[in-house]
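Peer 1: predicted model and sequence below, questions to follow.
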Amino acid sequence: MDNKFPGKDITKEDCKFKFPLATKKRPNEISLSKKIKFNSKTIPVIAGPNTLENRDMILKCCDLLEKKKIGMLRAGVYKPLTFPYRSKKYFELGDKAVKILEEIKKNYDLLLVSEIMEEKKLDFINDYIDVFQIGSRNMQNFPLITEVSKKLKPIIIKRHYGASLRDLLGAAEYALINKNDKVLLCERGVSVPHTHKATSRFLLDLQIVPAVKEVSNLPLIVDPSHACFWHKWVKSLTLASIASGANGLMLEFHPNPRNAAVDPLQPISFNEFSKLIDECREMAKILNKKII
Ligand code: PEP
Ligand code: MN
């Protein structure tokens with residue numbers, strides 16, 4: 001097959017026949033709200049805890065986002081856990097979270113980003129979530145992507161840790177073909193042998209940032225927290241993500257990180273987050289961009 005980019009797994013034919021919408025030139029801006037826009041001058045940040053554990057902790061997180069002028073809150077309401085057993089500390093609020101989400105919507109100017117795992121929850125949670133996240137484990141759950149896309153809300157598709165860019169664009173195509181043009185891609189680390197640290201479960205693939213720009217102008221968010229799984233590395237990987245040209249960031253923080261209900265090695269503290277946002281702003285300025 002004729003390939004304009006030898007050595008890459010994406011061919012001209014792929015762009016024409018397999019994901020024409022994902023690789024089509026489109027307006028260089030995806031607007032989520034008056035304030036939050038993904039374009040060449042902005043780097044929207046989505047931040048918050050892994051899991052919406054309780055009202056008190058999530059309101060503290062909202063306060064911090066407001067203080068740091070960050071416009072999007074992430075918090076898992078329905079959580080994909082790798083193993084079916086719950087620790088004593090762990091509980092997910094699930095449907096019970098809606099009261100809290102309602103309160104947040106009323107009192108804060110934040111867009112709420114949360115993962116949806118089952119189509120049957122979609123109508124129930126639709127009013128409370130502004131941006132639906134398709135988790136890496138569901139990247140190829142095409143019926144789920146199709147149904148979520150039909151709500152025409154912004155949708156983040158996280159790359160599965162074993163998937164190529166070609167696969168990711170195929171998943172995005174399922175959203176685009178359902179007339180949802182607010183599709184955001186997310187890199188969150190891939191699973192390859194590496195020896196740096198037993199706790200770093202995935203390897204952040206920053207090469208996908210320039211690679212995606214060669215074939216698509218869908219925004220690509222980078223999530224260093226889920227990639228490295230290790231709070232001490234989040235800062236350098238975040239700054240590297242900005243330097244690589246990431247269109248957005250997803251970061252995990254927690255009011256009491258080592259006591260987080262899920263993945264306590266992963267979140268950075270409030271202090272670390274505050275400082276990191278300041279550093280991101282400095283770095284973004286060099287590139288003539290703005291952290292929002
Ligand atoms: C998450 O963002 O909370 C999450 C579970 O991410 P991923 O699907 O990338 O593991
Ligand atoms: Mn997580």
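Peer 2: Yes, it's here. Ligands and ions are numbered 1, 2, ... in the order given.
Peer 1: residues from the protein in reach of ligand 1?
Peer 2: By the rule Cβ under 6 Å from any ligand atom, the part of the chain lying against ligand 1 is Asn50, Gly76, Pro80, Gly135, Ser136, Arg137, Lys158, Arg188, His226. (C-beta placed from N, C-alpha, C; glycine too.)
Peer 1: hang on, the last one packs against Phe202?
Peer 2: So that's His226. Yes - using Cβ atoms under 8 Å, His226 is in contact with Phe202, at 7.1 Å.
Peer 1: what's the overlap in contacts for the two?
Peer 2: Shared contacts of His226 and Phe202 (Cβ atoms under 8 Å, 6 or more residues apart in numbering): Arg188, Gly189.
Peer 1: which one of the two has more residues nearby?
Peer 2: Remark: of His226 and Phe202, His226 carries more neighbours, 23 against 18, as counted by other Cβ atoms under 10 Å.
Peer 1: for the more buried one, helix, strand, or coil?
Peer 2: Of the three states, His226 takes helix under DSSP: H, G, I helix; E, B strand; the rest coil.
Peer 1: please enumerate the strands of the stretch 101-250 of the chain.
Peer 2: Ranges of strands in the stretch 101-250 of the chain, per DSSP state E, counting those that start in this stretch, are 111-115, 131-134, 155-158, 183-187, 220-222, 248-252.
Peer 1: now render those as CSV, adding mean pLDDT.
Peer 2: Compiled in CSV, the strands of the stretch 101-250 of the chain are given as follows (pLDDT from 0 to 100):
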stretch, mean pLDDT
strand 111-115, 98
strand 131-134, 98
strand 155-158, 98
strand 183-187, 98
strand 220-222, 98
strand 248-252, 98
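Peer 1: got TSV for those strands, with mean neighbour count and distance to Ile145 too?
Peer 2: Output for the strands of the stretch 101-250 of the chain, formatted as TSV (neighbours: other Cβ atoms under 10 Å; distance: least, Cβ to Cβ, whole Å):
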stretch	mean neighbour count	distance to Ile145
strand 111-115	22	13
strand 131-134	24	6
strand 155-158	25	7
strand 183-187	26	10
strand 220-222	26	17
strand 248-252	27	18
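Peer 1: tell me the contacts of the residue lying closest to Glu53 once chain neighbours are set aside?
Peer 2: Residue nearest to Glu53 in three dimensions, not counting chain neighbours: Ala261, with 5.1 Å by Cβ to Cβ, 6 or more residues apart in numbering. Listed by Cβ under 8 Å, 6+ apart, the contact set of Ala261 reads Asn50, Thr51, Glu53, Ser87, Lys89, Tyr90, Phe91.
Peer 1: report pLDDT for the third one.
Peer 2: What the model reports as pLDDT for Glu53 is 94.
Peer 1: does it count as helix, strand or coil?
Peer 2: With three-state DSSP as the criterion, Glu53 reads coil.
Peer 1: who's in contact with it?
Peer 2: Taking Cβ under 8 Å, 6+ apart as the test, what Glu53 contacts is Phe91, Leu93, Ala260, Ala261.
Peer 1: buried subset of the residues you listed?
Peer 2: Neighbour-count burial (16 or more other Cβ atoms under 10 Å) applied to the contacts of Glu53 gives Leu93, Ala260, Ala261.
Peer 1: could you dump the strands of the stretch 101-250 of the chain to a markdown table with distance to Ile58?
Peer 2: As requested, those are exported to a markdown table (distance: least, Cβ to Cβ, whole Å):
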| stretch | distance to Ile58 |
| --- | --- |
| strand 111-115 | 10 |
| strand 131-134 | 16 |
| strand 155-158 | 19 |
| strand 183-187 | 21 |
| strand 220-222 | 21 |
| strand 248-252 | 13 |
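Peer 1: out of those strands, which is closest to Val234?
Peer 2: If you check each of the strands of the stretch 101-250 of the chain against Val234 by Cβ to Cβ, strand 248-252 wins as the nearest, at 6.8 Å.
Peer 1: thank you kindly, that will do.
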